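> Provided below for reference: sequence and predicted model.
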Amino acid sequence: MRFIIPLLFLLSGCGALPFCGFIDQKKPYTNPPTDPVFVQYIKRFNTEMVVSTNISTTFGPMDDKHAGICHSWSDGHREITINKKYWDNYSDKQREQLIFHELGHCALNRDHNDATITMNDTVCPESIMRSKIFNLFEIAYCYNYDYGHYLQELR
Ligand SMILES: [Zn+2]
């Protein structure tokens, strides 16, 4: 019986969803030019958040449990790496959310927020800063349902 409860918890949660990381770096940074596919999402973030970030964002190698990582150096430098394996299968809104999440770490210094709220009788993540990215149901019934809430929460 002891092992059944954690197992059920895992199954009822979002076990298969990838994480979005926030990692402290000790090594020198490389600051590669941003891949053009990310530019529209970064511009959208700047418009919505009323900021002017220009953080290097590129595809790069990482473990399969991560969809994206904000690399953070103690001198304030930031770089974002995105997992192409996930990106290629994401909708426009999922891509937006992943970039907004990583910029939430890298540009706004936000940490993770795994709280939930109820929207239209649906239990939803409170924040784009949830440690795992939203599944398609959550995109449809939470993110698209009250997009304004998620933008406001991130600001
Ligand atoms: Zn994250």
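In hand now; what should we look at?
> so who does S74 touch?
D24 (CB atoms under 8 Å, 6 or more residues apart in numbering). Just so you know, the C-beta spots here come from the backbone N, C-alpha and C atoms, and that holds for glycine as well.
> no no, K93
I139, Y143, N144.
> and those residues, which are buried?
For those, a burial check counting by 16 or more other CB atoms under 10 Å picks out I139, Y143.
> Please identify the buried residues of stretch 44-60?
Buried residues in stretch 44-60, counted by 16+ other CB under 10 Å: F45, E48, M49, T53, I55, S56, T57, T58, F59, G60.
> Using the three-state scheme, assign the first one.
F45 falls in the helix class when you classify it by DSSP: H, G, I helix; E, B strand; the rest coil.
> list the contacts for the residue nearest to it when sequence neighbours are not counted?
Take F45 and drop its neighbours on the chain: the residue closest to it by CB to CB, 6 or more residues apart in numbering is L103, 5.0 Å away. In this structure, L103 makes contact with I42, F45, M49, T53, I55, C70, I80, judged by CB under 8 Å, 6+ apart.
> F59 now?
For F59, the contacting residues are D35, T81, I82, N83, K84, W87, taking CB under 8 Å, 6+ apart as the criterion.
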